[in-house]
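Asker: kindly generate the corresponding structure for this input.
(2 chains)
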Amino acid sequence: MSKVALQQRPRPPMPRRPNALIQSYTTALSVLTNEKDDLPVIETDSDLDQSEEDDEKDSGQQISDCGSDSADESTNVCPLDSEHMKELEISGYVSDGDDLGCTLTSSKLDSDVFSLQSGEGSKKSVRDWLTSAQAMLQTPQKPMDRQFKTPEGSTKKKRKFKSGGLAERLNRLHCRQRSAISFWRHKSISDTSVAAATTVDRPGVLVLEVLEVHEESSMQLAHCEHQQPPRDGHQERNAVSEETTRMLVLFNRETAAQLIPAPGDVIHIYPPWQSLSIEGFICPVILSTHFSQKVSSASKPDDMSLPKIWLSAERRLPYFLGQIFGLLDECKTKSEGRAKQVAASDVLCTFGTRPCLSLLEAIEGLGQAGNVDQDVDVVVQRVYSVPMADCSPVSFLKHRASLRSSTAPPTAEKGKTRLCVLVQDSFGIFSTVRLQPLSSSDELHQYCQMWQGRTCVLRGVKVVERVTRERHSRLFSLIDSLWPPATSLKDHGNSLSILNEIGSPGPPPSFCYLLSGHQSSVEPREGQTVSPLYLHPASRTLRDILRSEAKSCRCSFIATVLYKRMQSTDVGQGEVWLVLTDPSLQEEQPERPCRRTVALCVSTSCVLTSSVLEALNSPAVCDMSFRDAIREHGVLLCAEQSVIEVSSVQHKSSFETTTRQDSLSSSEPQVKTLPQPPRLDSLSLETTPNSLCSLTGVIVGVDENTAYSWPACNLCGSDNLEVSAEKPQNFHCISCKSTLDKPDTKVQLEVFLSSSSLGNCTLKVKLQQKTVMLILNTPVLESSELQGYDVESVLGKEVGPLAVYVRVVTRKPALWMGLEEICLQAC
Amino acid sequence: MRTFLPAVAEQLFRDIQKIYEETTQIPDDLLIALKFVFGTCALQALDLVDQRSVTCLSSPSGRKAFQVIGGSGRLYTCFLSCHYCPCPAFTYTVLRRNQGLLCKHILAVYLCQAMAVTQQESISDQQMSAVL
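Answerer: This is a model prediction of the structure:
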């Protein structure tokens, strides 16, 4: 449902402005459904979110023409027609207190209309009825609905603005601004002393000396003298000419309370701020001065107490109410002709920063449609890929075709993947940037080599969303793993970071931007090796990781994959379970007891490259490197932002190259240093599903329902046999197209074991062919012979030690484990 | 003893009018400037504008008045010749405490006028007297 279609007539979709002179103050997040992206619809984290409901309600709205005076429409006009009634809730604003008597008003309206409807003689004329009906239609509310529902009162707790309207947009902008302000204040408060000493030579910062302050309507207006910074690097848009050094600066109540401007003070105003040229005024008026800081004060703070200074700002008498602000005499929808064709862009200018080291500032100084105009220097902390949702109809057909060949392993390029990076600016702010789709998932490795750890220029990106910790815990677990930063961060109050010795960088950021870019959005700066801010993914041993006390963290390691379990569906890659081990877990005599293997789940949001899939599909054991895997509730997990690579001597994984320490990057593959066969934990009462254990036990039962045998091809091992048409005793293999005189017989047998170490536990094990043969005491199985076997003959036999994969564990009503014997491949 | 805020407000409205006429959009920086100057009632006023809550009543004798349907559904009649609104917010914030320039209804009137989205309505003189 395109948002464009829902918008009212007076507001067509965002037109292209002929001359984008105005550098917008903050983002104007355009409707991304207009673009050919598969990016999500814009959301904000503000409290006053629009709910889905409103969109659906909007579709039913119709608003009649302004000024359409129509007696003929009266037949169509029906206030009860639900189509014409917008169902938006209009809440009362408590602060105004105009909800007093609202129910009375609405019910008054109701009764009017209803009395007419019911056909009772109404004292009012048809004209009046039309007026009230039109009024209701033109500004639709819910007086009708209130008739049917119990009135809840007009004050709704959650205020919902009209979707796509000005109020909603301003609300979004304001929320963003508020967080930028609090972030800036926090930074500036923690480091006020240094800021006073250094001169600010960054363009865009206003250095002002206060001459006179007065108060008007809860704002403080300061006449100031603008002190030009020594540097000469003004943009053409700079409305502040060299001659006029006087400025009228407005401070709102909060800023003024914190700043307490007084004559003689020197104030720095950091961008973004706004400058307004008023017709008839010589000095420009400075607005949106939220990022202001008093650098020096004429009067000593000890002399004057707070209330005195506040009162010293004289309050101007309220303006004469008769002085109206123009416009009111023009009662036409469009007035003809303009006396002055002054482009608005000349009048209200917004200043952002130019040399951009700060993501926050670049984003707060957004151009139209959410495009970040400025280039920002960032460190690429991580490069990864994400699966792209495939929603084109063509792909469905492809998937259906693959359903027929269901035995094929999951193919590598089934879904497309998109390149992503996690970047950090020199102030510590993080942002993920979604870039172009990758033509092959193996390209990721190249981008890692090119970008990871380097300072790059970020350009041509667009803001999608600003997310917070609560809703994106996985992303923030990665951000937390990159905190505290490797070097000291810059401070927004001070451009010279060398002088700025921040003791502690504080807590990790609570928000992160999601940006979207394209192929050339990330460009490494020349001559850079590794940025000092880069925190490489330090590889740890599995034992170290399992011992860690953190509830949830990101970890990187190299491990040997002992066993793979792919729950692959035919469409795309399903979940993959791996059982891993490494030398740290396989030590012969560990000082402290530790597990021998650990399970790892690869979720569908983690992209598997073709080389990884190939390695997983082959039966051989291999080493893999896992970067930024998640350890959560004692389980290892690879999800978004995790990267798995095959680790081999030739193919160095992405974190091994940039690792400064040489702890684990050995020239010999890890797999060779493991004991053969790998040590496994014994099955115990605490064993969790998806683990590998060793088990010895005595057969106490056989599941006769699942015991069966079937013929298989001697040559290719396939089960696809047919009875040969010519000779009914022989079989024909469909897969390799050969005729078999005597096919092999495969057998499946599930037995119940009893183990001394596990008391009251039912263990059901699906045995491998070899083991079955062993317990049946026969080297070769004849197809006809299986029926003859008696359950009694196997009872009491001891089996093991078996390597088993724990498929399922149920604890209620009693402990029951479903196991499967596996064959650990020799390396 | 000159006051400047009214001129600031007036200029902003003029800007809005111009840019809206050209592009039928109000750019973000103007919205932000509105919020800065008018405070909380800017958001509320914009909401009223979104709802098209402002009507200009005119009568044959040439009298004009503005009617704003407030958030609760109540009708407020604001005058043309001077700033007045019967809402409690205006009484307290603007008149008594002198903490605001306008209330949200008057601001909505200005914005609707600037954007030329005021509803128009003609009523009889008799009705006009009743309204005023």
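Asker: hmm, residue B:65 and residue B:55 touching each other?
Answerer: No. Between residue B:55 and residue B:65 there is no contact under C-beta atoms under 8 Å: 9.2 Å. No exception for glycine: its C-beta is placed from N, CA and C like everyone else's.
Asker: neighbour-wise, which of these two wins?
Answerer: residue B:55 (26 against 18; other C-beta atoms under 10 Å in any protein chain shown).
Asker: let's verify the more buried one: helix, strand, or coil?
Answerer: strand (DSSP: H, G, I helix; E, B strand; the rest coil).
Asker: show me the shaky parts of chain B.
Answerer: Filtered on pLDDT under 70, chain B yields the residue ranges B:1, B:80.
Asker: okay, helices next: where are they in it?
Answerer: Applying DSSP state H to chain B gives helices spanning B:5-23, B:28-38, B:40-50, B:88-89, B:104-115, B:125-131.
Asker: for residue A:256, which of those helices is the nearest?
Answerer: helix B:28-38 (12.3 Å; C-beta to C-beta).
Asker: quick one: is the closest one near chain A?
Answerer: Yes. Using C-beta under 8 Å from any C-beta of the partner chain, helix B:28-38 reaches chain A at B:28, B:29, B:30, B:31, B:32, B:33, B:34, B:35, B:36, B:37.
Asker: reformat these as a markdown table; add neighbour count.
Answerer: As requested, those are exported to a markdown table (neighbours: other C-beta atoms under 10 Å in any protein chain shown):
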| residue | neighbour count |
| --- | --- |
| B:28 | 23 |
| B:29 | 26 |
| B:30 | 27 |
| B:31 | 26 |
| B:32 | 25 |
| B:33 | 26 |
| B:34 | 26 |
| B:35 | 22 |
| B:36 | 25 |
| B:37 | 24 |
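Asker: I'd like the residues you listed laid out as TSV, including distance to residue B:75.
Answerer: Listed next are the residues of helix B:28-38 next to chain A as TSV, based on distance: C-beta to C-beta, whole Å:
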residue	distance to residue B:75
B:28	31
B:29	33
B:30	28
B:31	26
B:32	30
B:33	29
B:34	24
B:35	26
B:36	29
B:37	26
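Asker: between these, which is nearest residue A:633?
Answerer: residue B:28 (43.7 Å).
Asker: was I right about that closest one contacting residue A:166?
Answerer: No. Using C-beta under 8 Å, residue B:28 is not in contact with residue A:166; the gap is 10.3 Å.
Asker: residue contacts, the most centrally placed residue in chain B?
Answerer: Using C-alpha atoms, centre = their mean, the residue of chain B that lies closest to the mean C-alpha position is residue B:109, 2.2 Å off. By C-beta atoms under 8 Å, 6 or more residues apart in numbering or on different chains, the contact list for residue B:109 reads A:328, B:54, B:66, B:68, B:78, B:118.
Asker: ok, the last one - how many residues close by?
Answerer: It refers to residue B:118. Neighbours of residue B:118 (other C-beta under 10 Å): 27.
Asker: which residues does the residue nearest to it when sequence neighbours are not counted contact?
Answerer: Distances taken as C-beta to C-beta, 6 or more residues apart in numbering or on different chains put residue B:112 closest to residue B:118, at 4.3 Å, once the chain neighbours are dropped. Counting by C-beta under 8 Å, 6+ apart, residue B:112 touches B:49, B:52, B:54, B:118.
Asker: distance of the closest residue to residue A:206 other than its chain neighbours from chain B?
Answerer: Of all residues not flanking residue A:206 in the chain, residue A:269 sits nearest, at 4.1 Å (C-beta to C-beta, 6+ apart). The gap separating residue A:269 from chain B is 13 Å, by C-beta to the nearest C-beta, to the nearest Å.
Asker: same question, residue A:223
Answerer: The value you get for residue A:223 to chain B, if C-beta to the nearest C-beta is used, is 10 Å.
Asker: keep only those of the contacts of residue B:109 that are in strands.
Answerer: B:54, B:66, B:68, B:78 (DSSP state E).
Asker: now these in JSON lines, with neighbour count and distance to chain A?
Answerer: JSON lines is the format used below for the ones in strands among the contacts of residue B:109 (neighbours: other C-beta atoms under 10 Å in any protein chain shown; distance: C-beta to the nearest C-beta, whole Å):
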{"residue": "B:54", "neighbour count": "28", "distance to chain A": "9"}
{"residue": "B:66", "neighbour count": "24", "distance to chain A": "8"}
{"residue": "B:68", "neighbour count": "27", "distance to chain A": "9"}
{"residue": "B:78", "neighbour count": "24", "distance to chain A": "9"}
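Asker: farthest-apart pair in those, please.
Answerer: Maximum distance among the ones in strands among the contacts of residue B:109 (C-beta to C-beta): 8.7 Å, for B:54 and B:78.
Asker: identify the contacts common to those two.
Answerer: B:66, B:67, B:68, B:109.
Asker: show me the longest strand that occurs in chain A.
Answerer: strand A:552-566.
Asker: quick check: mean pLDDT of that strand?
Answerer: For strand A:552-566, mean pLDDT rounds to 89.
Asker: quick one: the helix or strand following it to strand A:552-566, angle?
Answerer: Once the chain leaves strand A:552-566, the next helix or strand it forms, by DSSP states H and E, is strand A:576-581. If you take axes from the mean of the first three to the mean of the last three C-alpha atoms, to 10 degrees, strand A:576-581 sits at 110 degrees to strand A:552-566.
Asker: tell me the angle the helix or strand that strand A:576-581 is followed by makes with strand A:552-566.
Answerer: Using DSSP H and E, the helix or strand that directly follows strand A:576-581 along the chain is strand A:598-602. On the basis of the same axes, to 10 degrees, strand A:598-602 is oriented at 80 degrees to strand A:552-566.
Asker: and strand A:598-602, what does it pack against?
Answerer: Judged by 3 or more C-beta pairs under 8 Å, 6 or more residues apart in numbering or on different chains; DSSP states H and E, strand A:598-602 is in contact with strand A:576-581, strand A:635-638.
Asker: I'd like these laid out as TSV, including distance to residue A:253, mean pLDDT and mean neighbour count.
Answerer: Output for the helices and strands packed on strand A:598-602, formatted as TSV (distance: least, C-beta to C-beta, whole Å; pLDDT from 0 to 100; neighbours: other C-beta atoms under 10 Å in any protein chain shown):
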stretch	distance to residue A:253	mean pLDDT	mean neighbour count
strand A:576-581	58	91	24
strand A:635-638	49	90	19
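Asker: want to throw those into TSV with distance to residue A:516?
Answerer: TSV is the format used below for these (distance: least, C-beta to C-beta, whole Å):
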stretch	distance to residue A:516
strand A:576-581	29
strand A:635-638	24
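Asker: closest one to residue A:821 among those?
Answerer: So among the helices and strands packed on strand A:598-602, strand A:576-581 is nearest, using C-beta to C-beta, at 14.1 Å.
Asker: in its sheet, which strands sit next to that closest one, and in what direction?
Answerer: strand A:552-566 (antiparallel), strand A:598-602 (antiparallel) (DSSP bridges).
Asker: buried set for the longest one?
Answerer: In terms of neighbour count (16 or more other C-beta atoms under 10 Å in any protein chain shown), strand A:552-566 has its buried residues at A:553-566.
Asker: can you give me the helices in the stretch 201-350 of chain A?
Answerer: For the stretch 201-350 of chain A, the helices defined by DSSP state H, counting those that start in this stretch cover A:253-259, A:306-312, A:344-347.
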